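> Have a look at this fold, sequence not included:
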């Protein structure tokens with residue numbers, strides 16, 4: 001299997017490196033210093049504008065919407081660079097939500113959102129964590145069509161339920177909310193910020209960023225703003241998970257680089273600690289973690305982008321990528337903190353903030369054991385050979 005990146009994909013990654021070059025992860029305080037308050041009141045608007053100017057918010061959009069028409073692999077290359085600097089922007093959420101609207105939304109919805117999202121005029125996010133963070137997101141909200149059967153046409157849709165830990169809920173202009181209907185189908189409702197029948201309650205993530213608990217009480221959404229196509233939520237969920245793995249890979253890349261640099265300069269007994277066998281073995285193990293995270297990420301991104309056939313559905317590749325990303329990023333930051341010694345526990349040192357972000361990404365991806373169980377079910381349903 002050839003994972004050589006195309007010229008367009010490499011150009012997107014190079015553009016991202018240029019945009020993120022001036023971002024200083026230590027420019028935002030560690031969540032340990034903010035005493036329960038968010039680390040910032042808004043997303044990084046200056047960075048958001050630079051991403052828009054570099055056409056990095058429209059990577060997945062087609063030319064008709066002012067985009068580059070690229071795929072999930074290109075997006076993950078850009079997200080990897082974002083993870084290295086802990087970029088405080090809804091790049092993943094906006095890109096994935098816009099791609100879902102483009103692939104499954106109606107003409108009116110595409111016309112209203114896509115070009116504006118690609119230009120950075122609006123930000124989008126997705127309520128993907130359900131009512132508690134442990135249950136399926138599409139089961140946390142009910143959707144019924146007023147005055148008729150749930151056929152995707154006709155009257156407004158009415159939504160009731162709760163979605164927790166919605167990223168960028170206070171900054172995004174629209175939230176894509178998965179919901180289930182009376183006949184056990186899933187729909188995606190595009191809910192505007194401040195929509196009548198919705199309320200937000202502030203939550204603070206492990207990384208110190210502000211999240212929102214979104215409550216919907218008879219929130220009435222026009223039919224044109226509800227995506228009823230089969231498979232829309234499943235596809236969007238896979239793209240979000242794959243993108244989160246890319247962020248974890250970028251974060252892990254940077255932490256291992258920081259650790260290697262520190263170990264090569266920190267001396268004990270007259271020698272750099274990097275020359276000690278115990279240190280070398282630990283960093284080598286983390287390098288192996290990174291390479292496993294990388295290869296499983298590109299496999300998942302490729303399958304998500306192409307819908308390529310295989311013995312297993314694409315969800316199998318996504319599950320494998322999530323297993324390696326959630327476990328790998330945790331081991332990498334723990335080793336980094338251990339080898340940094342006292343610096344690793346210093347909340348003023350950037351590594352502390354990387355650790356907080358890594359924990360948030362690990363929790364977002366979910367426990368490896370759950371993904372292993374899901375993968376086992378897939379293997380049972382699709383025996384190999």
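Done, it's in. Nothing here was measured: the structure is a model prediction, and the numbers come from that model.
> How many residues are close by residue 249?
28 (other CB atoms under 10 Å). Where C-beta positions appear, they are placed from N, C-alpha and C, glycine not excepted.
> what's the answer for residue 134, then?
10.
> One more: residue 380?
8.
> Surely it is in a helix?
Yes - looking at residue 380 with DSSP: H, G, I helix; E, B strand; the rest coil, it is inside a helix.
> What strand or helix carries the residue nearest to the spatial centre of the chain?
Centroid-nearest residue in the chain, with CA atoms, centre = their mean: residue 244, separated by 3.6 Å. Element membership for residue 244, per DSSP states H and E: helix 232-265.
> Tell me which other helices or strands that helix touches.
helix 72-84, helix 91-104, strand 174-180, strand 186-192, strand 271-272, helix 277-306, helix 314-340, helix 350-365 (3 or more CB pairs under 8 Å, 6 or more residues apart in numbering; DSSP states H and E).
> Export these as TSV, with columns for mean pLDDT.
Below are these laid out as TSV (pLDDT from 0 to 100):
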stretch	mean pLDDT
helix 72-84	97
helix 91-104	97
strand 174-180	98
strand 186-192	97
strand 271-272	84
helix 277-306	93
helix 314-340	94
helix 350-365	94
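> Outline the domain layout of the chain.
With domains defined by automatic domain parsing, the chain comprises 7-123, 125-227, 232-381.
> I'd like to know which of the helices and strands packed on helix 232-265 lies nearest to residue 133.
helix 350-365 (7.9 Å; CB to CB).
> Now do the closest one: everything it contacts.
Applying CB atoms under 8 Å, 6 or more residues apart in numbering, the contact partners of helix 350-365 are 25-26, 28, 30-32, 86, 129, 133, 205-209, 241, 244-245, 247-248, 251-252, 254-255, 258, 322, 325-326, 329-330, 332-333, 336-337, 340, 343-346.
> Now restrict those residues to buried residues only.
25, 28, 30-31, 86, 129, 205-209, 241, 244-245, 247-248, 251-252, 254-255, 258, 322, 325-326, 329-330, 332-333, 336-337, 340, 343-344 (16 or more other CB atoms under 10 Å).
> of the helices and strands packed on helix 232-265, which approaches residue 61 most closely?
Counting by CB to CB, and looking across all of the helices and strands packed on helix 232-265, nearest comes helix 91-104 at 6.1 Å.
> Which neighbouring elements make contact with that closest one?
So helix 91-104, by 3+ CB pairs under 8 Å, 6+ apart, packs with helix 72-84, helix 107-118, strand 124-126, strand 174-180, strand 186-192, strand 226-227, helix 232-265.
> repeat that for 6 Å
For helix 91-104, the elements it packs on are helix 72-84, helix 107-118, strand 124-126, helix 232-265, judged by 3 or more CB pairs under 6 Å, 6 or more residues apart in numbering; DSSP states H and E.
> wait, which of these is closest to residue 190?
Comparing the helices and strands packed on helix 91-104 by CB to CB, helix 107-118 comes nearest, at 6.5 Å.
> next one: that closest one to chain centre, how far?
Chain-centre distance of helix 107-118: 21 Å, with CA atoms, centre = their mean, to the nearest Å.
> how about it: buried residues?
By 16+ other CB under 10 Å, the buried positions in helix 107-118 come out as 109-110, 112-118.
> could these go into a markdown table alongside pLDDT?
Shown next, in a markdown table, are those (pLDDT from 0 to 100):
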| residue | pLDDT |
| --- | --- |
| 109 | 97 |
| 110 | 97 |
| 112 | 97 |
| 113 | 97 |
| 114 | 97 |
| 115 | 97 |
| 116 | 98 |
| 117 | 98 |
| 118 | 97 |
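> With distance to residue 191 added, can I get these in a markdown table?
Listed next are the buried residues of helix 107-118 as a markdown table, based on distance: CB to CB, whole Å:
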| residue | distance to residue 191 |
| --- | --- |
| 109 | 12 |
| 110 | 17 |
| 112 | 13 |
| 113 | 12 |
| 114 | 17 |
| 115 | 20 |
| 116 | 16 |
| 117 | 15 |
| 118 | 20 |
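> Quick check: of the residues you listed, which lies closest to residue 13?
Among the buried residues of helix 107-118, and counting by CB to CB, the member closest to residue 13 is residue 118, at 18.5 Å.
> Nice, that's everything, thank you.
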